[in-house]
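Colleague: for reference, the sequence and a predicted model appear below.
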Amino acid sequence: MATATRCAAILKGLIMTDDIVLKTEDLTKHYGGVHALDGANFELKTGEHVAIMGDNGAGKSTFVRQITGVEQRTRGRMWLYGDEVNFAGPLDAREAGIETVFQTLALADDLDVPDNLFLGREKTKLNWLGPFRILDYKAMREDTMAGLEKTGVKIPNIRNTIANMSGGQRQCVAIARTATFHSRLTIMDEPTAALGVQETAQVENIVRTLKEAGEPLILISHNMRQVMDLVDRIVVFRRGRIVANLKKEETDHQDVVAYITGAKTGADYEGAQ
């Protein structure tokens, strides 16, 4: 493609530049007459950590469900590392490299750490029993330890079942699962909502470790202190629409709250729909 033609295509949003990890255009979700998400235009760049904020019912979780394939969008387009994607379900998103830590964690209480990390994608030894497979527990344990080390998570005994772990340890296991599989994009939905002070600090240290490693992350959070400490940019949703896209160093708590509550309408935001 000629340089001039390529530049024109980039300006129109038809081609992604090399530093864009995720891009959505007019992403919309209607439930009958309810417009839960309306025309969301969003970009995430390489190594960037972005917080999504908004009141309950603002469209944050709906947005995440669309980009992770949990639900199918009403309309809109999405690109991941320059390739347009249409995920039929969460498994497609995971296979594409999007790892999500939901509030529910999606962990199996009766299984240990390696079994949870490799649930649905277990490693097996060489096939010598026809259609049967033997699980490669040694390889899974080694990869589990590597994933825990990568995120700085400390679990005294990885053979311990999830049911016997604290809330913070459970959350850390869910986050370590993203690191184990070298995710291209990590999404965390309220990762510290039900945790105490020490456990929250541990999770926040993991987020900082991911930042130092240059791994892009989307953080959905109501915790203003946490957001201001951890991210580069804040995107505010209100009534299903993006009303603000704020660089952390150019805003403050009061400004963000004003957009969340509607005291500021976002009319001056060039990306507002």
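Modeller: Great, that's in hand.

Colleague: quick one: the helices in the chain?
Modeller: Listed in chain order, the helices of the chain (DSSP state H) span 3-11, 60-67, 90-95, 113-117, 137-151, 167-180, 197-212, 224-230, 253-261.

Colleague: Throw those helices into CSV and include distance to Arg238, mean neighbour count and mean pLDDT, thanks.
Modeller: The way it works is simple: take the backbone N, C-alpha and C, and place the C-beta from them, glycine included. Formatted as CSV, those follow (distance: least, CB to CB, whole Å; neighbours: other CB atoms under 10 Å; pLDDT from 0 to 100):
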stretch, distance to Arg238, mean neighbour count, mean pLDDT
helix 3-11, 28, 11, 46
helix 60-67, 10, 23, 93
helix 90-95, 26, 16, 90
helix 113-117, 36, 24, 90
helix 137-151, 33, 17, 85
helix 167-180, 28, 23, 77
helix 197-212, 25, 16, 85
helix 224-230, 16, 16, 95
helix 253-261, 7, 16, 94
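
Colleague: nearest to Asp83, of those helices?
Modeller: Minimum separation from Asp83 across these (CB to CB) falls at helix 90-95, 12.6 Å.

Colleague: now the closest one, how far from the centre of its chain.
Modeller: Relative to its parent chain, helix 90-95 has a centroid offset of 13 Å by CA atoms, centre = their mean, to the nearest Å.

Colleague: re earlier: which among the helices of the chain is found nearest to Leu27?
Modeller: Once those are compared by CB to CB, helix 60-67 is nearest, at 5.7 Å.

Colleague: what packs against the closest one?
Modeller: Counting contacts by 3 or more CB pairs under 8 Å, 6 or more residues apart in numbering; DSSP states H and E, helix 60-67 is packed against strand 20-31, strand 34-45, strand 49-53, strand 75-80, strand 185-189, strand 217-220.

Colleague: can you pull the buried residues of the fourth one?
Modeller: For strand 75-80, a neighbour-count test (16 or more other CB atoms under 10 Å) marks 76, 78-80 as buried.

Colleague: okay, now the sheet partners of it, with direction.
Modeller: strand 20-31 (antiparallel), strand 83-84 (antiparallel) (DSSP bridges).

Colleague: could you do the third one as well?
Modeller: Strand pairing for strand 49-53, using DSSP bridges, gives strand 217-220 (parallel), strand 233-238 (parallel).

Colleague: what angle do the last one and helix 253-261 make?
Modeller: Taking axes from the mean of the first three to the mean of the last three CA atoms, to 10 degrees, one finds that strand 233-238 is oriented at 30 degrees with respect to helix 253-261.

Colleague: I'd say Ala174 and Leu107 touch.
Modeller: Yes: contact criterion CB atoms under 8 Å: Ala174 and Leu107 qualify, at 6.1 Å.

Colleague: now Gly97: how far from Arg184?
Modeller: 3 Å (CB to CB, to the nearest Å).

Colleague: overlap in contacts, those two.
Modeller: Here Gly97 and Arg184 have Leu80 as joint contacts, going by CB atoms under 8 Å, 6 or more residues apart in numbering.
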